[in-house]
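>>> Sequence and predicted model, in that order:
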Amino acid sequence: MKLFLILAALNGFLSVALGAFGAHGLEGKVSEKGLEQWGKAVDYQMFHTMALFVTGLLMSKIQTGLMTGAGWFFIVGIILFSGSLYIYAPTGIKTFAMITPVGGLAFLIGWILLGYAIIKFI
């Protein structure tokens with residue numbers, strides 16, 4: 001529980017910092033498409049930071065491995081989805097773009113686990 005809340009706070013900080021960097025540090029240095037990809041990485045990191053935060057809070061009420069699994073899948077999704085886009089956007093290295101869907105799948109699994117835990121235990 002506490003770990004997920006700490007990781008949510010850290011990811012919230014990183015989302016804001018990376019968003020500002022993209023808006024001010026990358027403008028004119030990467031393509032418009034690269035800036036859009038960077039923005040998508042920031043958006044998805046922040047969305048799933050909030051999901052991780054909610055998961056951490058709900059763990060005090062719902063004590064099941066489903067919640068722990070959801071939290072870890074959100075973290076893996078942030079790393080693979082947003083992380084791959086953060087590297088792909090400025091470099092254009094296609095290998096990183098191929099990792100992004102795996103992160104998206106991790107997000108989906110996290111949401112399924114979270115939803116199932118809520119349905120089953122609340």
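Yep, it's here. Numbers count the residues shown, from 1 in each chain.
>>> In the protein, which residue sits furthest out from the middle?
Each residue of the chain has a distance to the centre, and by C-alpha atoms, centre = their mean the biggest one is for G28: 25.9 Å.
>>> What distance do you get for that one to H48?
G28 sits 29 Å away from H48, going by C-beta to C-beta, to the nearest Å. In short, each C-beta sits where N, CA and C put it, glycine included.
>>> where's F81 relative to K120, distance?
27 Å.
>>> G110 too?
16 Å.
>>> so what's the most centrally placed residue in the chain up against?
Residue closest to the mean C-alpha point of the chain, counted by C-alpha atoms, centre = their mean, is I78 at 2.8 Å. Residues near I78 by C-beta atoms under 8 Å, 6 or more residues apart in numbering: N11, Y44, Q45, H48, T49, L52, G103.
>>> element containing the first one, please.
Spelled out, it's N11. If you go by DSSP states H and E, N11 is part of helix 2-25.
>>> name the helices or strands packed onto whatever helix or strand comes next after that helix?
Where DSSP H and E defines the elements, the next helix or strand beyond helix 2-25 is helix 32-58. Applying 3 or more C-beta pairs under 8 Å, 6 or more residues apart in numbering; DSSP states H and E, one finds that helix 32-58 makes contact with helix 2-25, helix 65-77, helix 83-91, helix 94-121.
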